[in-house]
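[1] Here is a sequence together with a model predicted from it:
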Amino acid sequence: MASGEPDALRWRVGLIGYGEVGRILAEDLRVRGAAWLGAYDLKLDTGAEGPLREHALAHGVTLTASPAALTADCDLLISAVTASQTVAAADACAERLTRGTWFVDFNSASPGAKQDAAARIEAAGGRYVEGAVMTSVPPHRIRVPLLLGGPHAAMLAPQLAALGFCPQVASERLGVASASKMCRSVMIKGLEALIIESLTAARAYGVEDAVLASLQATFPGIEWERQAAYFFQRVIRHGRRRAEEMREAARTMQEAGLAPWSAAGTAERQQWMADLAEAGVFGAPDEPRFARSTDWRCEADRIIHHIGPPRGESA
């Protein structure tokens, strides 16, 4: 319930989505001194909620049985779900939204999806603010660069800053912040897919050292070995979420009138990696070495072992 209280640390904050991002935000909000934290996640309905409940207990987060149960008594809601659930999450929250409640949409969705979500929240009396997270959350945590958009963005920005966020108002117009995020994702997530595809093939042909030397000479400002290891790790662990984001990026290109050839291809490669991870190609997710190698070649070798050597070559 949006009480108009100027001290945001006294707000009741609800997290829609308690995955990696939601848990990081909960930890940092608790350290910052937030008065009350609640959360809901779809995994609470699947029987796979053990780690979520353990984390919530350790950090004083109240888990609820539904988005509506969480929504009813919050001053601020932060939606951090997978891209495909952006509008569905807004719909679920709108059922019991208290008039004036703030709703910040952190999801990596297209401008059109954000506008659809905003329409649902605003129709229920809430105040929707578009959020675009402009780089990976884990290194920066709650201080990750955050673009805000929409008619309420400027009013909420100081309150988010008081909670520990690093907000910057992009525009009063919905869609501008998300367009910035999605266009960036075409490049960044596309580079992840390119690195995985190029270097795995190079490894299969035994030419990876020559390829890396050429890349280093062309772009000396990038530490290609370290960057490749990081990209392999992140995509193996989060490829499914990245694939959803890239489908939203493809939708963003379509909304701009462009055929999304690159974005769509990136989504397919990210999804492919997620499927391999789910099939156990990289080991079990709870294994200590799962996608943690500092040498990308270890993961590339697992892929090559799974798909077989290049045509015309024997194993």
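    Happy to help now that I have it. Numbers count the residues shown, from 1 in each chain.

[2] How far does stretch 58-71 stretch from one end to the other?
    Start-to-end span of stretch 58-71 (C-alpha to C-alpha, to the nearest Å) is 22 Å.

[3] Can we start the residue count at 49 from this point?
    Shifting the count to begin at 49 puts that one at stretch 106-119.

[4] State the mean pLDDT of it.
    For stretch 106-119, mean pLDDT rounds to 94.

[5] what's next to it, contact-wise?
    62-64, 66, 71, 74-75, 78, 84-89, 92, 97, 100-101, 103-104, 125, 137, 140-141, 143-146, 149 (C-beta atoms under 8 Å, 6 or more residues apart in numbering). For the C-beta atoms, the positions are set from N, CA and C on the backbone; glycine is no exception.

[6] mind redoing it with 6 Å?
    62, 64, 74-75, 78, 85-88, 104, 140-141, 143-145 (C-beta atoms under 6 Å, 6 or more residues apart in numbering).

[7] next one: stretch 262-276
    Outside stretch 262-276, the residues that reach it (C-beta under 6 Å, 6+ apart) are 243, 247, 260, 344.

[8] Where strands are concerned, which of these count?
    Among the contacts of stretch 262-276, none falls in strands (DSSP state E).

[9] Give me the subset of those that lies in helices.
    In helices, defined here by DSSP state H, the members of the contacts of stretch 262-276 are 243, 247, 260, 344.

[10] hang on, L196 in a strand?
    Yes. L196: assigned to a strand according to DSSP: H, G, I helix; E, B strand; the rest coil.

[11] what bridges to it?
    Assessed by DSSP bridges, L196 has beta-bridge partners G179, V217.

[12] That one and L208, how far apart?
    8 Å (C-beta to C-beta, to the nearest Å).

[13] And the closest residue to E303 other than its chain neighbours, how far from G238?
    Spatial nearest neighbour of E303, excluding adjacent residues (C-beta to C-beta, 6 or more residues apart in numbering): G160 at 5.3 Å. Between G160 and G238 the computed distance is 21 Å (C-beta to C-beta).

[14] Repeat that for A227.
    Taking C-beta to C-beta, one finds A227 at 16 Å from G238.

[15] sorry, back to before: present the contacts of stretch 262-276 as TSV; the columns should include neighbour count.
    Output for those, formatted as TSV (neighbours: other C-beta atoms under 10 Å):
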residue	neighbour count
I243	20
L247	24
L260	17
W344	25
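
[16] how far out from the middle of the chain is the longest helix along the chain?
    Scanning the chain for the longest helix, with DSSP H as the assignment, gives helix 272-303. Distance, stretch centre to chain centre, for helix 272-303: 10 Å (C-alpha atoms, centre = their mean, to the nearest Å).

[17] what do you get for stretch 245-254?
    That offset, for stretch 245-254, works out to 28 Å (C-alpha atoms, centre = their mean).

[18] Report the buried residues of that stretch.
    Buried residues in stretch 245-254, counting neighbours by 16 or more other C-beta atoms under 10 Å, are found at 247-252.

[19] which one of the residues you listed is nearest A322?
    Closest approach to A322 among the buried residues of stretch 245-254 (C-beta to C-beta): T248, at 15.2 Å.

[20] ok, how many other residues are close to the closest residue to H200 other than its chain neighbours?
    Leaving aside its sequence neighbours, H200 sits nearest to R175 (C-beta to C-beta, 6+ apart; 4.6 Å). Here the number of neighbours of R175 (other C-beta atoms under 10 Å) works out to 22.

[21] Same question for G95.
    So G95, with other C-beta under 10 Å, has 7 neighbours.

[22] so how far is R101 from it?
    12 Å.

[23] same deal with P186?
    22 Å.

[24] More neighbours: the two, which one.
    Higher neighbour count among P186 and R101: R101, with 14 against 11, using other C-beta under 10 Å.

[25] So that one, which state does it fall into?
    helix.

[26] residues shared between the contacts of L196 and L208?
    P215.

[27] before we move on, which element is the closest residue to N155 other than its chain neighbours in?
    Distances taken as C-beta to C-beta, 6+ apart place T134 nearest to N155, at 4.3 Å, with adjacent residues excluded. For T134, the host element (DSSP states H and E) is helix 134-142.

[28] Give me the contact list for that helix.
    Contacts of helix 134-142 (C-beta under 6 Å, 6+ apart): 64, 115, 119, 125, 127, 129, 155, 157, 161, 164-165, 168-169, 172.

[29] ok, the residues you listed vs H200, which is closest?
    I169 (10.3 Å).

[30] The closest one contacts Y176, doesn't it?
    Yes. Counting by C-beta atoms under 6 Å, I169 touches Y176, with 4.1 Å between them.

[31] low pLDDT regions in the stretch 49-198 of the chain?
    Scanning the stretch 49-198 of the chain for pLDDT under 70 picks out 49-54.
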